[in-house]
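Visitor: test case, fold it:
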Amino acid sequence: MLVLEITILVLLGLLFFYFMTKEIQEVISLKKTLKQIIGRAHISSKEDLIKIKDHLNSTISHDQKFKEKKRPLLRHTASQILKSNYGFCGENARVAIKLFLLGGMKANRIYLFRKEWEHVLVEHQMNDLWYMFDGHYDENTLLEDEKVASIFSENINEYPDDYPNNPYLDYCRIKLLHNIPILTFFSKVRLPSLMTYVVESPYLIKAIGCFVVVVFSYLLVGDWFCHGLR
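Guide: The predicted structure is shown next:
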């Protein structure tokens, strides 16, 4: 029994290093992509944001007939989305958020609720203020260059929207809490950047999961081993 437990611990340890390696590779890839887009490692101006928006508009496409297609539990990673050049608003937001965070700019998801469907975009901090950002290409919600870093993220009525019969009704940042009446207020809480980074990083989430299991398993195995020596 002890041999089996130790074997599982070793396998989980190997998985941890595998997922951490994949995360590091993604970081390197995204930083390279960011440098290709804006010409440097850090985002520092409205012009940089426009370049990122245009890049996402032109490289990540989508097809409405595949909107309900099954996706991985944690969704695709930012590097996978960029490699496939495919994704809906949620995938687009993931790429934007990780580019922003790696480029030194705080960012979070914004979930928008309509009468008929939902939309996901990004908020980012600039000069101590938070603005909405949307790199998803939809002619009816397209963010014009002059509107970049101009619309405060909480003013959803000012967001670009050419769906007259389907306006934005509400928003949140933590979707999990939005539909729980006693927790709805907390769904608008802005997450710390580190937590946002983890949430947007499937490889990192898997690595953390392996690490947690290894720690608890190690404690249990160690306890059993000590009992066996008595």
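
Visitor: mind listing what the closest residue to His76 other than its chain neighbours touches?
Guide: The shortest distance from His76 to any non-neighbouring residue, by Cβ to Cβ, 6 or more residues apart in numbering, is to Glu91 (6.3 Å). Just so you know, the C-beta spots here come from the backbone N, C-alpha and C atoms, and that holds for glycine as well. Neighbouring residues of Glu91 by Cβ atoms under 8 Å, 6 or more residues apart in numbering: 60, 75-76, 81.

Visitor: next one: Lys53
Guide: Lys53 neighbours (Cβ under 8 Å, 6+ apart): 133-135, 143, 145, 148.

Visitor: returning to that earlier point: buried subset of the contacts of Glu91?
Guide: The neighbour-count test (16 or more other Cβ atoms under 10 Å) marks 60, 76, 81 as buried among those.

Visitor: closest to Thr21 among the residues you listed?
Guide: Of all these, Thr21 sits closest to His76, with 17.9 Å by Cβ to Cβ.

Visitor: where does the closest one sit: helix, strand or coil?
Guide: Recorded secondary structure, His76: coil (DSSP: H, G, I helix; E, B strand; the rest coil).

Visitor: quick revisit: so which of the contacts of Glu91 sits lowest on pLDDT?
Guide: Confidence by pLDDT is poorest for Arg75 among those, given 92.

Visitor: would you check that Thr196 makes contact with Met105?
Guide: No. If you go by Cβ atoms under 8 Å, Thr196 and Met105 don't touch, sitting 11.6 Å apart.

Visitor: measure how far stretch 168-184 is from the centre of its chain, please.
Guide: Centroid separation between stretch 168-184 and its chain, computed with Cα atoms, centre = their mean, to the nearest Å, is 17 Å.

Visitor: now swap in stretch 20-40 and tell me
Guide: Stretch 20-40 sits 15 Å away from the centroid of its parent chain (Cα atoms, centre = their mean).

Visitor: likewise for stretch 49-64?
Guide: That offset, for stretch 49-64, works out to 16 Å (Cα atoms, centre = their mean).

Visitor: now the lengthiest helix in the chain: buried residues?
Guide: Ordering each helix of the chain by length in residues (DSSP state H) puts helix 2-38 first. Within helix 2-38, the residues that count as buried by 16+ other Cβ under 10 Å are 9, 12, 15-16, 19-20, 22-23, 26-27, 30, 33-34, 37-38.
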